[in-house]
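Novice: return atomic coordinates for the entry below.
(one chain, ligands or ions: 1)
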Amino acid sequence: MRILRFLTAGESHGPALTGILEGLPAGLPLALQDLAEQAARRRRGHGRGGRMKIEDDAVDILGGVRRGKTTGGPLALQIVNKDFKVWEEVMRVSASTAPAKRAVRIPRPGHADLVGRLKYRLADMRDALERASARETAMRVALGTAARRLLGELEITVGSRVAAIGGVADDSPPPALSGAALSKRADASPVRCLGKAAEAGMVGAIDAAKAAGDTLGGVFEVIATGLPVGLGSYAQWDRRLEADLAASLMSLNAVKGVEVGMGFSGASQRGSEVHDALYWNKDKTKVVRKTNRSGGIDAGVSTGEPLIVRAAMKPIATLMNPLPSVDLEAKTDAAAHIERSDACAVPAGAVIAESLVCLVLADHVLVKYGGDSLAELKEHYGRP
Ligand SMILES: Cc1cc2nc3c(=O)[nH]c(=O)nc-3n(C[C@H](O)[C@H](O)[C@H](O)COP(=O)(O)O)c2cc1C
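Specialist: Sure, this is the predicted structure:
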């Protein structure tokens, strides 16, 4: 991220999540309603835990917006954790000699507990899991909403769908829909998947895993449409559009793989089956592609075709039927710690990934076109 920069702070059960997004042009309309809509999309999805029923993720705008529009100053947002009321003593900020409540001493395999303890010399692994929790992504969705708003002004929309959960795949090819239309359809499904048979299979797989005290991961796809040619560059490694997208998506909790276009499947096919042949349009004024196997990026540069990125999310690490682990105080074998948890969060992961893609694309738009105000950006973009 070059022009847009952001940081988040806050613990899962702490008083609030905080975020600052710097670099937005002035004059961008941003309403609480925009933030609430995206927050609600993240909370949904079959397989989420009880926490999502407690939180409303109401976002407060603390800076950077006045009379409904950005000022050019940093955007400062806050989401108060409603659950904090119950966790106040556990999460107390002031020092105390009393033993910590709900201390965690048996790490969950695959979670931040053990590495956090070893890295930060934590006596209580709650310090690790509170920050490593994907609760933080509620703030990234909020910040991404401002980026989404900016892209919307340029008629670029970003959407997503779930392609697989557990072993159940929705094999339908990426639909020819705008990003916004895709999400509208996916949002109507409890697992954000387009195929009805696959939807039933995914719901069943989640229920079966949950009943067994187990968890599931999956694959989601993010699509952005309306993109101009020329975002990103091959001129330097760190200007490649797909490099920024991959870094951003890999920063999402539980994401373990990212692919663009045909991605891994292209590796086993011939060049003639993978590359997008080029043709003239009717009046020979424009070069066109009949396929979009590259997923909208060639050599780190957007082609103007829809951007298609997929990410693989591992199963949730907290198992109600816990894996073997070790008690670090008693030095015994023990079943892993159990924390209230989702059984599957792939539908939510897709929504969060949209927000991350929005942040990356908005940054690249600002790098290419620039503008201290929305009006100036639109002049540069050619659609005032
Ligand atoms: C939307 C979302 C919700 C998640 N919910 C949980 C959860 O309830 N319990 C859990 O153990 N992990 C959950 N995770 C995954 C953990 O945050 C993640 O596995 C952990 O931080 C370790 O990081 P890593 O998986 O990226 O290596 C969730 C991830 C996402 C994206």
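Novice: wait, residue 290 touches residue 281, no?
Specialist: No. Applying CB atoms under 8 Å, one finds residue 290 not in contact with residue 281, separated by 11.0 Å. All C-beta spots, glycine's among them, are computed from the backbone N, C-alpha and C.
Novice: mind listing what residue 293 touches?
Specialist: Going by CB atoms under 8 Å, 6 or more residues apart in numbering, residue 293 touches 261, 262, 266, 274, 275, 276.
Novice: so which residues on the stretch 1-150 of the chain come close to the ligand?
Specialist: Residues of the stretch 1-150 of the chain lying near the ligand by CB under 6 Å from any ligand atom: 49, 111, 112, 132, 133, 134, 137.
Novice: can you list which of these are found in helices?
Specialist: Those of those mapping onto helices are 132, 137, per DSSP state H.
Novice: want to try JSON lines for the residues of the stretch 1-150 of the chain next to the ligand, with pLDDT as columns?
Specialist: Compiled in JSON lines, these are given as follows (pLDDT from 0 to 100):
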{"residue": "49", "pLDDT": "85"}
{"residue": "111", "pLDDT": "98"}
{"residue": "112", "pLDDT": "98"}
{"residue": "132", "pLDDT": "98"}
{"residue": "133", "pLDDT": "97"}
{"residue": "134", "pLDDT": "96"}
{"residue": "137", "pLDDT": "97"}
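Novice: dump the residues of the stretch 1-150 of the chain next to the ligand to TSV, plus neighbour count.
Specialist: Shown next, in TSV, are those (neighbours: other CB atoms under 10 Å):
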residue	neighbour count
49	17
111	24
112	20
132	19
133	18
134	18
137	24
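Novice: before we move on, the earlier item: out of the contacts of residue 293, which are buried?
Specialist: The neighbour count (16 or more other CB atoms under 10 Å) marks 261, 262, 266, 274, 276 as buried among the contacts of residue 293.
Novice: hmm, who's touching the helix or strand bottoming out on mean pLDDT in the chain?
Specialist: Ranked by mean pLDDT, DSSP states H and E, the helix or strand of the chain with the weakest confidence is helix 51-54, at a mean of 80. With contact meaning CB under 8 Å, 6+ apart, helix 51-54 is reached by 43, 44, 82, 83, 135, 340.
Novice: quick check on the second one: phi, psi?
Specialist: For residue 44, the backbone dihedrals are phi -80, psi 180 (criterion: degrees, to the nearest 10).
Novice: model confidence for it, exactly?
Specialist: Listed pLDDT for residue 44 reads 91.
Novice: buried set for stretch 196-204?
Specialist: 198, 199, 201, 202, 203.
Novice: stretch 322-331 too?
Specialist: Applying 16+ other CB under 10 Å to stretch 322-331 flags 322, 325, 326, 328 as buried.
Novice: ok, now stretch 20-28?
Specialist: 20, 21, 23, 24, 25, 26, 27, 28.
Novice: which residue does the stretch 101-250 of the chain bring closest to the ligand?
Specialist: residue 134 (3.4 Å; CB to the nearest ligand atom).
Novice: correct me, but that residue touches residue 345?
Specialist: Yes. Residue 134 lies in contact with residue 345 (CB under 8 Å); the separation is 6.9 Å.
Novice: what's the closest non-adjacent residue to residue 237?
Specialist: Of all residues not flanking residue 237 in the chain, residue 243 sits nearest, at 6.8 Å (CB to CB, 6 or more residues apart in numbering).
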